[in-house]
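Visitor: coordinates for the following, if possible.
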Amino acid sequence: MLCEICGENHASFIISMVVNSEIKEIRACAECATRDMRTSDLIDGTSYAYRSSGETDRECPRCNFKYSRTEHSQLLLLGCPACYTEFREELKPLLHRIHGSTIHKGKAPKKRERADVEVPSRRSKFVPTSYLRVLPMSHPEAEWMQGVGPDSDVVISSRIRLARNLDGYTFCNLAKESELQQIARTVESAAADIEFLKNARVTDLENLDDVAREFLVERHLISRDLAEKRGTRKVIIGEREIISIMLNEEDHVRLQIINSGLQISQLWEIIDNIDNELGQRLDYAFSSDWGYLTACPTNVGTGLRVSVMLHIPALASTRAGNKILSSVSGMGYTIRGIYGEGSQATGAFYQISNEATLGQPEEKIVDLMRSVARQIIEYEREERQRIIEKDRIGLEDKIFRSYGTLTNARSISSREALNLLSWISLGINIGILSGLDETDIARLLVLTRPAHLQRLEGKKLNATARDISRATVIRSVLVGNRSSRLNV
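Guide: Below is the predicted model of the structure:
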């Protein structure tokens, strides 16, 4: 049946409208359904609902994934790159709703060096190891944990992630174990000669226990999804823990780079080079229309997620600050807590990341995030100064009460520790508290987390024991700086 709006294309959607308490239906093609997603083009004041006009679920001939209206409305994972071709008409309105666009404007994979570069017999040069066995406790901090990057008084860290898949393979959620093994071997082999990964190590997560995997999550080297999955999954970790490559997470390849402070542009340059080199050696799943094809349509296009971790105690304590955060959220950015997806803000630590990955070039996504971060930095600094001028005594009281609690507590929860460390960090950065280094606070944000505490103790700890250990670690850092005093 032809589209009842344009009368030209095949109708693949039914638009249900409520007009004067009556339901009316119009059959539309994907183009008209996408164009009218904002509704007003048809009838003013009406309510709309979109659904596929197909009478039965369709199946991808490549991976046997069944397209379901119900499932896809919940953004479940597709089965393989071919699903984007098979369900093209159904996906167009969905992609428009998620990203505001259905056209990829970012980069494309570089031409491959030679046809046989991905042959798995090419041995990896990475050292296979349990990463924790080679990480000395004498220097247990990753480079990004040092708290010395640009604008580190407000920005804890910057992180960039790229999602990639190999053409010709099903996505990880439907892949057989033999496929996952092949994917891991192929990517590991292709990455082995990349200069940025010199001296990197590869860790098979199947060989780690729960605490060890959680340790890598806390270091931001792997995602919680990868830690909790089963089957062949690995991570390649760079020498300074700035770069990591997750294999067989939601997508076949998740490239990630992280460092302290606001360094988005610098990080993008590095990860872009790594991605280009990998793209010359691997057949990335790519569409000229929709870009890099990912298991979840929320990542299609550039596959790029840019995020900054912010410490904004002044803004978080005011109505104006909350309005600023709300406006940022309304601009197409996701705001989460310090532990990422699904977490609430604790201690005024917020993680902000872009939502849309399709319809903008990578450089624009990076530049926009940097601009948003810079504005928040300036707002936070201005608000800090206003608080000092308005109620310095009240602010000093909160800072030194926090210091007093942390230097004397014998047991403390993770949430309370974060809240109190937040006030001490503020005191250091605005010059009220001296004798402490912001690097100490940046380290404690990670070293006091559950898996780090258990590794330090060399055994599994229950919640009570972790709270005791956490208090001990904090005292050992802060009490070593007894010269901390009020600056007047």
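
Visitor: which segments of the protein make up each domain?
Guide: Using automatic domain parsing, the domain parsing of the chain gives 1-54, 127-379, 383-486.

Visitor: now those domains in TSV, with mean neighbour count and distance to G79?
Guide: Placement of C-beta: from N, CA and C, glycine included. Shown next, in TSV, are the domains of the chain (neighbours: other C-beta atoms under 10 Å; distance: least, C-beta to C-beta, whole Å):
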stretch	mean neighbour count	distance to G79
domain 1-54	15	17
domain 127-379	19	5
domain 383-486	17	34
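
Visitor: report the distance from the helix ranked longest in the chain to the chain centre.
Guide: For the chain, the longest helix by residue count, based on DSSP state H, is helix 362-408. Centroid separation between helix 362-408 and its chain, computed with C-alpha atoms, centre = their mean, to the nearest Å, is 23 Å.

Visitor: ok, back up a step: out of the domains of the chain, nearest to I98?
Guide: Closest to I98 of the domains of the chain is domain 127-379 (C-beta to C-beta; 5.7 Å).

Visitor: what mean pLDDT does that closest one get?
Guide: Throughout domain 127-379, pLDDT has a mean value of 90.

Visitor: after whichever strand or helix holds V217, next one along is what?
Guide: Assessed by DSSP states H and E, V217 sits inside helix 210-218. The element immediately downstream of helix 210-218 (helix or strand, assigned by DSSP H and E) is helix 224-228.

Visitor: elements contacting that next one?
Guide: Judged by 3 or more C-beta pairs under 8 Å, 6 or more residues apart in numbering; DSSP states H and E, helix 224-228 is in contact with helix 210-218.

Visitor: quick check, R281 in contact with A192.
Guide: No - between R281 and A192 there is no contact under C-beta atoms under 8 Å: 9.7 Å.

Visitor: ok so, going back, any chance of the domains of the chain in JSON lines, plus distance to S101?
Guide: Output for the domains of the chain, formatted as JSON lines (distance: least, C-beta to C-beta, whole Å):
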{"stretch": "domain 1-54", "distance to S101": "10"}
{"stretch": "domain 127-379", "distance to S101": "3"}
{"stretch": "domain 383-486", "distance to S101": "35"}
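
Visitor: tell me which of these lies nearest to C60.
Guide: With respect to C60, and counting by C-beta to C-beta, the nearest of the domains of the chain is domain 127-379 at 9.5 Å.

Visitor: so for R97, which of the domains of the chain sits nearest?
Guide: Closest to R97 of the domains of the chain is domain 1-54 (C-beta to C-beta; 6.1 Å).

Visitor: what mean pLDDT does that closest one have?
Guide: Averaging pLDDT along domain 1-54 yields 55.

Visitor: separation between the most centrally placed residue in the chain and A356?
Guide: Residue closest to the mean C-alpha point of the chain, counted by C-alpha atoms, centre = their mean, is R305 at 6.0 Å. Between R305 and A356 the distance is 10 Å, computed by C-beta to C-beta, to the nearest Å.

Visitor: again with L76
Guide: From L76 across to A356, the span is 20 Å (C-beta to C-beta).

Visitor: can you give me every residue that contacts A163?
Guide: For A163, the contact set (C-beta atoms under 8 Å, 6 or more residues apart in numbering) comprises E250, D251, V253, R254, Y292, T294, N299, G303, R305.

Visitor: any chance of those residues in JSON lines, plus distance to D167 and secondary structure?
Guide: Output for those, formatted as JSON lines (distance: C-beta to C-beta, whole Å; DSSP: H, G, I helix; E, B strand; the rest coil):
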{"residue": "E250", "distance to D167": "17", "secondary structure": "coil"}
{"residue": "D251", "distance to D167": "13", "secondary structure": "coil"}
{"residue": "V253", "distance to D167": "12", "secondary structure": "strand"}
{"residue": "R254", "distance to D167": "17", "secondary structure": "strand"}
{"residue": "Y292", "distance to D167": "11", "secondary structure": "strand"}
{"residue": "T294", "distance to D167": "13", "secondary structure": "coil"}
{"residue": "N299", "distance to D167": "16", "secondary structure": "helix"}
{"residue": "G303", "distance to D167": "14", "secondary structure": "coil"}
{"residue": "R305", "distance to D167": "22", "secondary structure": "strand"}
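
Visitor: let's have these in JSON lines, adding distance to D437.
Guide: Formatted as JSON lines, the contacts of A163 follow (distance: C-beta to C-beta, whole Å):
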{"residue": "E250", "distance to D437": "38"}
{"residue": "D251", "distance to D437": "39"}
{"residue": "V253", "distance to D437": "37"}
{"residue": "R254", "distance to D437": "33"}
{"residue": "Y292", "distance to D437": "41"}
{"residue": "T294", "distance to D437": "41"}
{"residue": "N299", "distance to D437": "38"}
{"residue": "G303", "distance to D437": "37"}
{"residue": "R305", "distance to D437": "31"}
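
Visitor: closest to L166 out of those?
Guide: L166 lies nearest to V253 out of those, by C-beta to C-beta, at 7.6 Å.

Visitor: so that closest one is in contact with R161, correct?
Guide: No - at 10.6 Å, V253 does not count as touching R161 under the criterion of C-beta under 8 Å.

Visitor: for S101, give me its contacts.
Guide: Applying C-beta under 8 Å, 6+ apart, the residues contacting S101 are L95, A356, L358, G359, Q360.

Visitor: ok, it to R161 distance?
Guide: In terms of C-beta to C-beta, S101 sits 20 Å off from R161.

Visitor: what's the answer for L94, then?
Guide: Counting by C-beta to C-beta, the separation of L94 from R161 is 22 Å.

Visitor: hang on, isn't E89 packed against C29?
Guide: Yes - with contact defined as C-beta under 8 Å, E89 reaches C29; the gap is 7.5 Å.

Visitor: would you mind writing the CA trace of the helix holding V217 as CSV?
Guide: As requested, the backbone C-alpha atoms of helix 210-218 are provided in CSV (Å, rounded to 0.1, in the frame of the first residue of the first chain):
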residue,chain,number,x,y,z
ASP,A,210,34.8,-10.9,40.9
VAL,A,211,37.0,-8.5,43.0
ALA,A,212,39.6,-8.3,40.3
ARG,A,213,37.1,-7.4,37.6
GLU,A,214,35.5,-4.8,39.9
PHE,A,215,39.0,-3.4,40.4
LEU,A,216,39.2,-2.7,36.7
VAL,A,217,35.7,-1.2,36.7
GLU,A,218,36.8,1.2,39.5
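
Visitor: no further queries at this time; thank you.
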